Every structure is written in structure tokens, then in C-alpha cells.
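Colleague: My questions are about this predicted structure, shown below with the sequence.
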Amino acid sequence: MATEKKTAAKTTKAAATKTTTKKATTKTETKAVETKAAEVKAETKAAEKKPAAKKTTTTKKTTTKKVAAKVEMFIEFGGVQVSVDEIVENVKKVNGKDAKNYTIYLKPEDSKAYFVADGEEKEMDVYFA
């Protein structure tokens, strides 16, 4: 019987050690979970603050749009004024067909515009009289 008592005592001690170890592990796990929960809360608060700052900067960027300046150019010679846009339009009409590239040389003293349209040289009168 003495052997049974010793075996029962060992079993009881082993069970008590396992329970103590489980309790210690459970406490450690609980602390780890609480620490993670605190970190998540801190990240959530930080994330809530960041989008508000981004929204204000985004608003500022969208309100600063540049407006293209409108440019009109005229050539005056001998008391007559002719728009550059009008000269370009007339060059296209004289050419008779669409071209990819136009190079225009204006010579007011001769009242002429010389131009090259896709490699073809031509001329036209510009009325500076």
C-alpha cells in the first residue's frame, strides 16, 4: 500500500505543477493579448487622425488649377493689321488639302506669305496695301 500512496502523491504533485504552469501560461497569454489590444487601439487612433490631414491637402491641390492664357497675335504693316490666325487659316485654304506640317514665312514688304506644307513649297498674297 505504501507504494500506492507514493504513486498517488507523485500524481497529485504532477497535476498541481501542470495546473500552476497552465495558470502562468494563461496569465502571460492574457498580458500579451492585452498588449496587442492596446497597440491596435493606438494604431486605430493614429489612422483616424491621418486621413483628416490628407483630405485637407487634397482639397488644396484640386483648387489650384492653372488657366491657359489666350494669345492673339497681329502683324501690322503699312497701316494695315492682319491676324496671325487669319494668315494660317488662309494658308490652309490655299493649300487645298490637309497637311501634317506647315511652315510659314511672312514677308510684309512684298505682301506675300511663303509656306511649306508637307514638303511642298507654295506662296500666297497677304493684303497689306
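Modeller: Received it, and whenever you're ready, just let me know what you need.
Colleague: List phi and psi for the closest residue to Met73 other than its chain neighbours.
Modeller: Here the nearest residue to Met73 in space, its sequence neighbours aside, is Val84; by C-beta to C-beta, 6 or more residues apart in numbering that works out to 4.2 Å. (Glycine included, C-beta is placed from N, CA and C.) Backbone torsions of Val84, given as degrees, to the nearest 10, read phi -60, psi -40.
Colleague: How about Val67?
Modeller: Taking degrees, to the nearest 10 as the convention, Val67 sits at phi -100, psi 130.
Colleague: List the residue ranges of this protein that fall below the pLDDT cut-off.
Modeller: Within the chain, the segments meeting pLDDT under 70 span 1-38, 40-63, 129.
Colleague: how about the strands in it?
Modeller: Secondary structure of the chain (DSSP state E): strands at 74-77, 80-83, 102-107, 112-117, 120-125.
Colleague: Mark out where each domain of the chain begins and ends.
Modeller: The chain breaks down into these domains under automatic domain parsing: 1-64, 74-125.
Colleague: returning to what we had before: can you tell me which of the strands of the chain is packed in deepest?
Modeller: Among the strands of the chain, ranked by average contacts under mean count of other C-beta atoms under 10 Å, first place goes to strand 112-117 (a mean of 18).
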